[in-house]
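Enquirer: Turn this into a structure:
(one chain, ligands or ions: 1)
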Amino acid sequence: MSGERAPAVRSIASVKGMRDLLPPETAVWAAVEATARRIFGRYGYGEIRTPILEETELFVRGVGEATDIVGKEMFSFPDKKGKSLTLRPENTAPVARAFVEHNLRERALPLKLFYIGPQFRYERPQRGRYRQFYQIGAELLGDPGPACDGELLVMLACFLRALEFPQLLVLLNTVGDEASRAAYRAALRAYLAPHRNELGEDSRRRLDTNPLRILDTKVPAERELLAGAPALADFLSAECRAHFAAVCAILDRFGVPYRVEPRLVRGLDYYTRTVFEITAGGLGAQDAVVGGGRYDRLISDLGGPEVPAIGFAIGQDRLLDVCPESFRRRALPPPPVFVAPVGGVPVEEALAVAEELRASDVPALAELQPSSLKAALRRADRLGARRVVLLGPDELAAGELTIKDLASAAQERLPRSEALARLAREKEAEPGRGAPAAPGEQETARLARDDKETV
Ligand code: HAM
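Expert: Purely as a prediction, here's the structure:
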């Protein structure tokens, strides 16, 4: 002993607001993603993967300079040549950029794209709010009609039902076109201007930059003040009204539950006409799980052609938070079979049994260190195994295996092929099979059919 103490080594934690996702929870994430791929695929959506970094200007122009996202929440930094880059805070502007860049207008329209991936916003972390979070989103580009809005929401409902999402309700509104909104902005400003001093700092700033955003204030005094404000609905053009009515009719027909929320405005500037959100109980303050809407001007604002579009993004972190136990159970992988060599049988023999099980799609773990039977059984239990295969010198000589049930301690010795076949059959009967289909999944189709029968 030299008497000197080694310097304490600082351990490094993940960056604030960014977290590790660990197994077995990642299996539930993967099952949610597999369900999205399966259901979106049925509606003709193909996957797009855009870079995580974009030029900052894309979001400034796309999402809007006056929004919270661009004003205070972007992770932006200069690259080595001094150009400002931003970790994407959302994926709609990148999809619109890719649409223009690759001239995707030349493909059959509407083009249907979906994405799954991390987004970054420099927000104050709290439950359900992270600086790196994940979105599952879908964008339908190239069709202005209300049937697109309707079909997109029907697909979203089908997906959420497949996850057994509790109390599905779409909060729906229209923010009209640019002309209706300009007229409404002027009326709202005129109404609020005499009350400027009663507004909080945020709303005062918004009165100048983006008065519509004041509508979703959470401040009680401001909400009271807004009760007497002019309504956006009174400023809508006849076309916008007809569009909204047609969307509602489709949701009625296909049994998608919704409630019109006249004060719903979204926090991103690119929306026109239909906007929507889905919230979930039990999430606390951050209860918005889905946000979306039509953005008929975004692509031309980014220098592309006039291409109307609509889409949504689901916050996957929050979705996972409300994912019911029944879905989780089915998403988790089946318990592994544990193969233990005993009585001096070489570990390679256990490996060979495990390999045979894996070849029939049975998850198997082999004891890779020679150890006592007691230690092997303890490890099997900690690893969540329900069955252990014991392979001793007698079994090896006779071409047999012993299957032990850990819960009851009952065991049975069988010819090797019979034992392997039995374990494969037992695995088939397990509820956890990867990407589960839920009973609710067929619901929209059934409702639409029933609806038709009653017409
Ligand atoms: P958004 O409403 O900003 O819309 O985000 C969509 C969802 O992402 C939110 O409802 C929420 O669940 C989740 N989310 C947002 N910020 C965070 C955060 N810091 N932590 C955890 N989850 C979060 C958009 O991003 C639009 N691009 C949606 C869209 C697609 N509109 C048209 N197409």
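
Enquirer: Could you check what's spatially nearest to whichever residue of the chain sits closest to the ligand, not counting adjacent residues?
Expert: Distances from the chain to the ligand, computed as C-beta to the nearest ligand atom, single out G315 as the nearest residue at 2.0 Å. The C-beta positions use only the backbone N, C-alpha and C, and glycine is treated the same way. Spatially, and ignoring its direct neighbours in sequence, G315 is nearest to V289 (5.6 Å; C-beta to C-beta, 6 or more residues apart in numbering).

Enquirer: swap in E239?
Expert: Once flanking residues are discounted, E239 sits nearest to D177: 7.4 Å by C-beta to C-beta, 6+ apart.

Enquirer: any idea how far that neighbour is from P230?
Expert: Here the criterion is C-beta to C-beta, to the nearest Å. By it, D177 lies 17 Å from P230.

Enquirer: higher neighbour count, these two?
Expert: Taking D177 and P230 together and counting by other C-beta atoms under 10 Å, D177 has the greater number of neighbours (18 against 15).

Enquirer: thought that one was touching R241?
Expert: No. With contacts counted by C-beta atoms under 8 Å, D177 stays clear of R241, the gap being 11.0 Å.

Enquirer: E412 belongs to a strand, doesn't it?
Expert: Yes. E412 sits within a strand when classified using DSSP: H, G, I helix; E, B strand; the rest coil.

Enquirer: Model confidence score at it, please.
Expert: Each residue has a pLDDT score; the one for E412 is 98.

Enquirer: can you pull the contacts of it?
Expert: Under the criterion of C-beta atoms under 8 Å, 6 or more residues apart in numbering, the contact partners of E412 comprise 402-403.

Enquirer: So what sits opposite it in the bridge?
Expert: I403 (DSSP bridges).

Enquirer: That one and E395: what is the separation?
Expert: Taking C-beta to C-beta as the measure, E412 falls 12 Å from E395.

Enquirer: okay, and the common contacts of these two?
Expert: The contact lists of E412 and E395 share T402, where a contact means C-beta under 8 Å, 6+ apart.

Enquirer: Please report the number of neighbouring residues for L423.
Expert: By the measure other C-beta under 10 Å, the count of residues near L423 is 21.

Enquirer: tell me which element it falls in.
Expert: Secondary structure here is read from DSSP states H and E; on that basis L423 sits in helix 416-428.

Enquirer: List the buried residues in that helix.
Expert: Judged by neighbour count using 16 or more other C-beta atoms under 10 Å, the buried positions of helix 416-428 are 416, 419-420, 423-424, 426-427.

Enquirer: now do stretch 55-73
Expert: Along stretch 55-73, the positions that meet the burial threshold by neighbour count (16+ other C-beta under 10 Å) are 56, 58-64, 67-70, 73.

Enquirer: So which of the residues you listed is the closest to M18?
Expert: When those are compared for distance to M18 (C-beta to C-beta), E73 comes out closest, at 14.3 Å.

Enquirer: Quick check: closest non-adjacent residue to that closest one.
Expert: For E73, the closest residue by C-beta to C-beta, 6+ apart turns out to be R121, at 4.2 Å.

Enquirer: Which elements pack onto the helix holding L423?
Expert: Helices and strands in packing contact with helix 416-428 are listed as helix 347-359, strand 387-391, strand 400-405; criterion 3 or more C-beta pairs under 8 Å, 6 or more residues apart in numbering; DSSP states H and E.

Enquirer: can you dump the C-alpha coordinates of stretch 9-20 into CSV?
Expert: Presented in CSV, the C-alpha positions along stretch 9-20 are these (Å, rounded to 0.1, in the frame of the first residue of the first chain):
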residue,chain,number,x,y,z
VAL,A,9,-13.2,9.3,-11.4
ARG,A,10,-16.3,11.3,-12.3
SER,A,11,-19.0,9.1,-13.7
ILE,A,12,-20.8,10.5,-16.7
ALA,A,13,-24.6,10.7,-16.8
SER,A,14,-26.8,11.2,-19.8
VAL,A,15,-27.5,14.8,-20.9
LYS,A,16,-30.3,16.6,-19.1
GLY,A,17,-33.7,15.8,-20.6
MET,A,18,-32.3,12.8,-22.6
ARG,A,19,-32.7,9.3,-21.4
ASP,A,20,-31.7,5.7,-22.0
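
Enquirer: How is P334 assigned, secondary-structure-wise?
Expert: Of the three states, P334 takes coil according to three-state DSSP.

Enquirer: Please enumerate the strands of the stretch 51-200 of the chain.
Expert: Taking DSSP state E, counting those that start in this stretch as the criterion, the stretch 51-200 of the chain contains strands spanning 53-55, 75-78, 84-87, 111-120, 132-141, 170-174.

Enquirer: Adding mean pLDDT as columns, could you present those strands in JSON lines?
Expert: Formatted as JSON lines, the entries for the strands of the stretch 51-200 of the chain read as follows, by pLDDT from 0 to 100:
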{"stretch": "strand 53-55", "mean pLDDT": "98"}
{"stretch": "strand 75-78", "mean pLDDT": "98"}
{"stretch": "strand 84-87", "mean pLDDT": "98"}
{"stretch": "strand 111-120", "mean pLDDT": "98"}
{"stretch": "strand 132-141", "mean pLDDT": "98"}
{"stretch": "strand 170-174", "mean pLDDT": "97"}
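
Enquirer: Need these in CSV (columns: distance to the ligand).
Expert: Formatted as CSV, the entries for these read as follows, by distance: least, C-beta to the nearest ligand atom, whole Å:
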stretch, distance to the ligand
strand 53-55, 13
strand 75-78, 12
strand 84-87, 12
strand 111-120, 7
strand 132-141, 3
strand 170-174, 11
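
Enquirer: Quick one: closest of those to E400.
Expert: Checked against C-beta to C-beta, the stretch from the strands of the stretch 51-200 of the chain lying closest is strand 111-120, at 46.7 Å.

Enquirer: which outside residues touch the closest one?
Expert: The set of residues external to strand 111-120 that reach it, using C-beta under 8 Å, 6+ apart, is 33, 36-37, 40, 43-50, 52, 74-75, 87-91, 95, 99, 104, 131-142, 316.

Enquirer: Narrow the residues you listed to just the buried residues.
Expert: Of all the contacts of strand 111-120 considered here, the ones buried according to neighbour count by 16+ other C-beta under 10 Å are 33, 36-37, 40, 43, 45, 48, 50, 52, 74, 87-91, 95, 99, 104, 131-142, 316.

Enquirer: show me the contacts for P166.
Expert: With contact set as C-beta under 8 Å, 6+ apart, P166 has these partners: 280-282, 322, 324.

Enquirer: of all those residues, which two lie farthest apart?
Expert: G281 and P324 (12.5 Å).

Enquirer: Around the ligand, which positions in the stretch 201-350 of the chain sit nearby?
Expert: Proximity of the stretch 201-350 of the chain to the ligand is assessed by C-beta under 6 Å from any ligand atom, with 267-268, 288-293, 295, 311-313, 315, 317-318 identified as the residues in range.

Enquirer: any idea which of these is closest to V342?
Expert: Of all those, V342 sits closest to D317, with 44.9 Å by C-beta to C-beta.
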